[in-house]
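In: attaching a predicted model along with its sequence, questions to come.
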Amino acid sequence: MNDVIPWVGIEGVRFGELRKDVRERLGDYSSFKRSPGDSAIDHYPSMGLMLHFDGADRLDFIEATAESELSFSGINLSGRPFGEVLDELRSNSIDFVLDGAGCALTGYGIELYTPAPDELDIEVEGVALRGLMDSRDSSDASDVVIDPPMSEGTLF
């Protein structure tokens, strides 16, 4: 499993990194645009990752499928029933807010997507990760403590 580092990224992929550096490190990918005018999204199917970059070509959003095997605090976040994931989050005192697409882990920049959030036996299909620094290059990010508001527009 790949551990999520809230607001920072995952092992080997960190918010604010340049697209060219990520591509060199991760290897085979394809790019696509969801709609005209959007910047290209790099898709790494074997890793279950879709990486979004800002206008400066810095990583600013991560979408992950079950193939990514993302975890947080030892909890596998996708590829298993939504109810099981919620139970483990509660057992580990990790707060979350339910929404029409799944849930957002409060204060962590992590969102879970399931096609039927009211049916707890349906698997979590995706995880969205947001960065703290909004792709700004800062060597002092560890000193910043922010609990940003939940953002709309998750692409799941």
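Out: Nice, I can see it.

In: what's the longest helix in the chain?
Out: helix 82-91 (DSSP state H).

In: pull out the buried positions in the next helix or strand after that one.
Out: Moving toward the C-terminus from helix 82-91, the next helix or strand (DSSP states H and E) is strand 96-99. Under the neighbour-count criterion of 16 or more other C-beta atoms under 10 Å, strand 96-99 has residue 96 buried. Backbone N, C-alpha and C define where each C-beta goes, glycine included.

In: over to stretch 27-44?
Out: Residues of stretch 27-44 classed as buried: 29, 41, 42, 43, 44 (neighbour count, 16+ other C-beta under 10 Å).

In: just give me how far that stretch sits from the chain centre.
Out: 16 Å (C-alpha atoms, centre = their mean, to the nearest Å).

In: how near is the residue nearest to residue 20 when sequence neighbours are not counted to residue 34?
Out: The shortest distance from residue 20 to any non-neighbouring residue, by C-beta to C-beta, 6 or more residues apart in numbering, is to residue 57 (7.3 Å). According to C-beta to C-beta, to the nearest Å, residue 57 and residue 34 sit 17 Å apart.

In: residues in contact with residue 120?
Out: For residue 120, the contacting residues are 81, 82, 83, 86, by C-beta atoms under 8 Å, 6 or more residues apart in numbering.

In: any of the residues you listed buried? List them.
Out: In the contacts of residue 120, burial by neighbour count holds for 82, 86, counting by 16+ other C-beta under 10 Å.

In: export the contacts of residue 120 to JSON lines and tack on distance to residue 102?
Out: As requested, those are arranged in JSON lines below (distance: C-beta to C-beta, whole Å):
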{"residue": "81", "distance to residue 102": "12"}
{"residue": "82", "distance to residue 102": "7"}
{"residue": "83", "distance to residue 102": "12"}
{"residue": "86", "distance to residue 102": "10"}
